[in-house]
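Visitor: what follows is a predicted protein model with its sequence.
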Amino acid sequence: RLSHCSRIQHLYRTLDDTYLEFKRRVGRLILNPIDTCVLLGNYTHQKKYNSMEIIHLILGKANPNRMNGVNKVVHELATTQVEKGISAEVWGITDNPVHDYPSRIFKTRLFKASKNPFGFDKELKAALLTRTQSAVIHIHGAFLPVFYSVSAFLYKHDIPFIITPHSSYNIVMMRKNSIIKKIYFALFEKKLLDRSSFIHLVGKSELTGLDLIYHNRKSALIPYGFNIPVINKQAEKSSSNIVFGYCGRFDIHSKGLDIMLEGFAMLHKQFSNTKLMVIGDGDQRPKVEAIIRQLGIEDAVELMGSRFGEEKVALLQQCHVFVHPSRSDGLPATIVEAAALGLPSVVSEETNIGDFITAFDAGQSMKSLDAQAFYQSLASVYKRIYFNNELEQLKKNALQMIEEAFNWNNVLAKLNKLYKEAYLAKHELLE
């Protein structure tokens, strides 16, 4: 008879046998002592890890047909995780818990938002308690009182979570209502971050901003992935005009729409065969229209309003170049989406995509955040397309950037490492 933890001499194969699986593979046989307790522990470790599931917790419904980057990113992330065989769901906190969104392949649960900003639905509490042994919660958003309360609940019940603030901690965003944010951070947000297993950041500007207010060793810089879409019908580009395109919210300061319009006006004055297509909408549309009239470029700028899905893709396909001179951003999904359609881009460094654009020669990254720098970047790309006939090469570069820098397999491997470490640490299963 052998004791529970006896050491036994085993003949075993050294190739790719998984825990406790000895399959008939060709391999080198060697003698090596194996601790039966280690084998049992490894088996338990792997079995528990395989039961792990990811729950994305957001405000809203992850509806991609909204002018909201977080909705688009979470929808894309959850979709890709499920396609890759990862157990993932989206749980949304919303004023209108009605499932009124396009069909999707991941499970979605909606919970009624509380009138108390720090309160959350008892049904959400009950649902979380059913997943104490299996879930890692992925919170999306920052400076939201409800997530502070949720984090306290998760911490109390030993449910691990990571947080993606989606650009909320970058320097520009922290300057907005700075006094209130400093007070809120000291009283609430810091405690939320202390409770988290990891802080997932998508851009350098956010990493820099967070480091100024919260020194830590659990920040992870991982960009989003993006799938190159299957295009059933190619839209025709103008052969006589070079069309620049923007898609996003009408937030003049944050999105740099004043920089965009003023810089484009300079370009159009020099090259009259240029057009600007603007996809999006918002409360500041009247101000945008006023800037266009003031600059005298009404005939060169077309405001398309909000467009989604195939309609948006068809409009982007008509553009030669995508532009996004944002003053503050995380990692705009629209730039990545445009690149996946083969569009080179002119972007600001604040988009956190400038380094990728430069490395892959997929457009131009602005040297400074002003209209003159934007004009110079536009002119550079214009000349490459119109005079040097480099549009096809720029398209190839943009697609290569998506395939390599924003490859979902690479991104998911990095995120899965965070999920796994958070899960195993909370359940004390780390080796």
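Guide: Sure thing, it's come through. Numbering: from 1, shown residues only.

Visitor: contacts and neighbour counts: CA atoms only from here.
Guide: Noted.

Visitor: contacting residues around F250?
Guide: The contact partners of F250, taken as C-alpha atoms under 8 Å, 6 or more residues apart in numbering, are 257, 280-285, 288.

Visitor: in PyMOL, how would I select the buried members of these?
Guide: Here is the PyMOL command that picks out the buried ones among those, judged by 16 or more other C-alpha atoms under 10 Å:
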select buried, resi 257+280+281+285+288
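
Visitor: state the pair within the contacts of F250 that is farthest apart.
Guide: Within the contacts of F250, L257 and D283 form the most distant pair, 13.4 Å apart (C-alpha to C-alpha).

Visitor: K218 contacts F198, correct?
Guide: Yes: counting by C-alpha atoms under 8 Å, K218 touches F198, with 5.0 Å between them.

Visitor: nearest residue to L261 in space, please, no chain neighbours.
Guide: Closest residue in space to L261, ignoring its immediate chain neighbours: I292 at 7.0 Å, by C-alpha to C-alpha, 6 or more residues apart in numbering.

Visitor: count the residues that sit near that neighbour.
Guide: 19 (other C-alpha atoms under 10 Å).

Visitor: now do L201
Guide: So L201, with other C-alpha under 10 Å, has 26 neighbours.

Visitor: contact partners for it?
Guide: The contact partners of L201, by C-alpha under 8 Å, 6+ apart, come to 164-167, 207, 219-223.

Visitor: ok, now G85?
Guide: G85 neighbours (C-alpha under 8 Å, 6+ apart): none.

Visitor: so it versus F244, what's the distance?
Guide: Look at G85 and F244: by C-alpha to C-alpha, to the nearest Å, they are 38 Å apart.

Visitor: ok, now L331?
Guide: Applying C-alpha to C-alpha, the value for L331 to F244 is 20 Å.

Visitor: output the lowest mean pLDDT helix or strand found in the protein.
Guide: Lowest by mean pLDDT, DSSP states H and E among the helices and strands of the chain is strand 7-13, with a mean of 37.

Visitor: tell me the pLDDT of E289.
Guide: E289 carries a pLDDT value of 97.

Visitor: neighbours of it, how many?
Guide: Counted with other C-alpha under 10 Å, the neighbours of E289 add up to 14.

Visitor: host element of it?
Guide: Per DSSP states H and E, E289 falls inside helix 285-295.

Visitor: one more: V136?
Guide: Taking DSSP H and E as the criterion, V136 maps to strand 135-140.

Visitor: okay, buried residues for whichever helix or strand comes after that strand please.
Guide: With elements assigned by DSSP H and E, the helix or strand that comes after strand 135-140 is helix 145-156. Neighbour counts over helix 145-156 (16+ other C-alpha under 10 Å) mark 145-151, 154-155 as buried.

Visitor: contacts for the next helix or strand after helix 145-156?
Guide: Helices and strands here follow DSSP H and E; after helix 145-156, the next one along the chain is strand 161-164. Residues outside strand 161-164 that contact it (C-alpha under 8 Å, 6+ apart) are 136-142, 151, 154, 193, 196-201, 419, 422.

Visitor: adjacent strands (with direction) for strand 161-164?
Guide: In the sheet, strand 161-164 lines up against strand 135-140 (parallel), strand 198-201 (parallel) (DSSP bridges).

Visitor: with distance to K122 and mean pLDDT added, can I get those strands in TSV?
Guide: As requested, the strands paired with strand 161-164 are arranged in TSV below (distance: least, C-alpha to C-alpha, whole Å; pLDDT from 0 to 100):
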stretch	distance to K122	mean pLDDT
strand 135-140	17	98
strand 198-201	26	97
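
Visitor: any chance of JSON lines for those, columns distance to Q318?
Guide: As requested, those are arranged in JSON lines below (distance: least, C-alpha to C-alpha, whole Å):
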{"stretch": "strand 135-140", "distance to Q318": "33"}
{"stretch": "strand 198-201", "distance to Q318": "33"}
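
Visitor: out of those, which is closest to H56?
Guide: Ranking the strands paired with strand 161-164 by proximity to H56 (C-alpha to C-alpha) places strand 135-140 first, at 4.7 Å.

Visitor: before we move on, back to that, the contacts of L201 in strands, which ones?
Guide: Among the contacts of L201, the ones falling in strands (DSSP state E) are 164, 219-221.

Visitor: list buried residues within those residues.
Guide: Among the ones in strands among the contacts of L201, those buried by neighbour count (16+ other C-alpha under 10 Å) are 164, 219-220.
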